[in-house]
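1. my questions concern the predicted model and sequence given below.
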Amino acid sequence: QVQLVESGGGLVRTGDSLRLSCAASGRTLSTLIMGWFRQTPGAARDFVAAISRSGGDTFYAESVKGRFTISRDNAKSMVYLQMNSLKPEDTAVYYCAAGRGYTYTEKSHYSDWGRGTQVTVST
């Protein structure tokens, strides 16, 4: 089992930037694909970004492409989500997730989840 702890959320204004961090423990990070998902009240948890084990491949939802960047540091067991040009519609709880397979965008393929960090973007 992998323990994941997100941090870095907060209240920002439209156009601002935030960097989310995810600290992993319990398993060697390089054996896992990693993803970020987000969820608003009453809605499904949606895919945001994912990264391959080596970090060589990244995947993004269309709504964040060009604004968000996912990265990882396997030596530090950390995953990051750099979020630029934030919009009010980016407001959500952001979750870090770890998976053992090769399907990056489906939440059902991730087995371990953090508790989330709130991001609120005001107008």
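-> Thanks, I have it.
2. going forward, measure contacts and count neighbours with C-alpha atoms only.
-> Fine.
3. quick one, phi/psi of T31?
-> phi -90, psi 0 (degrees, to the nearest 10).
4. and the residue nearest to it when sequence neighbours are not counted, what does it touch?
-> Once flanking residues are discounted, T31 sits nearest to R53: 6.1 Å by C-alpha to C-alpha, 6 or more residues apart in numbering. By C-alpha atoms under 8 Å, 6 or more residues apart in numbering, the residues touching R53 are 29-34.
5. report the buried members of those.
-> The neighbour count (16 or more other C-alpha atoms under 10 Å) marks 29-30, 32-34 as buried among the contacts of R53.
6. would CSV of the contacts of R53 with pLDDT and distance to D90 be doable?
-> CSV is the format used below for these (pLDDT from 0 to 100; distance: C-alpha to C-alpha, whole Å):
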residue, pLDDT, distance to D90
L29, 91, 27
S30, 92, 28
T31, 93, 29
L32, 95, 26
I33, 97, 23
M34, 98, 20
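7. quick one: which of those is nearest V12?
-> M34 (25.1 Å; C-alpha to C-alpha).
8. checking that closest one next. Helix, strand or coil?
-> On the three-state scheme (DSSP: H, G, I helix; E, B strand; the rest coil), M34 is labelled strand.
9. so it bridges to which residues?
-> I51, A98 (DSSP bridges).
10. you'd agree it is up against S54?
-> No: when contacts are counted by C-alpha atoms under 8 Å, M34 is not listed as touching S54 (10.4 Å).
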